[in-house]
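> below is the structure, and that's it, no one-letter string:
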């Protein structure tokens, strides 16, 4: 379970350190993918497979399904942590997420999100402002 938010600096090679408490989850590798909100998603291999299987099962005859699959799979990269627990953020993902030098790694239960620090501050403020309204619109089932 990934929880919390952690600030890290991007090194000159485009790598960031994954928080130490999360590294064991990525021992078999990880997938970096384009998020929906100018972020980079980080999945452990097993979790990526579960999510990818659901997407692959969408009907290929529907244009929205094809586009979601293209957006997801064409913008995903497999990777591994180095000995220091760092991962290289591919240039196309860094560009998309507008990552400059400092990032926030946010735990989102079964995956991580990597945000540019400034964009995270905007998203965090917006979420905090609207969380009550959003919670009312979401039906949680026991």
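Nice, I can see it. This structure is a prediction, so every number in the text was calculated from the model and none was measured.
> make it CA atoms for all contacts and neighbour counts henceforth
Fine.
> per-residue pLDDT, the residue most central in space within the chain?
Within the chain, one residue has its C-alpha closest to the average C-alpha position: by Cα atoms, centre = their mean, that is residue 41, at 1.3 Å. According to the predicted model, the pLDDT of residue 41 comes to 98.
> could you report the neighbour count for residue 10?
20 (other Cα atoms under 10 Å).
> apologies, that question was intended for residue 24.
Taking other Cα under 10 Å as the neighbour definition, residue 24 ends up with a count of 11.
> quick one: it and residue 45, what's the gap?
With distances defined as Cα to Cα, to the nearest Å, the gap from residue 24 to residue 45 amounts to 12 Å.
> what's near enough to touch the closest residue to residue 4 other than its chain neighbours?
The spatially closest residue to residue 4, leaving aside those adjacent along the chain, is residue 107, at 5.2 Å (Cα to Cα, 6 or more residues apart in numbering). By Cα atoms under 8 Å, 6 or more residues apart in numbering, residue 107 lies in contact with 1-5, 113.
> wait, which of those residues is closest to residue 35?
Comparing the contacts of residue 107 against residue 35 with Cα to Cα places residue 113 closest, at 7.8 Å.
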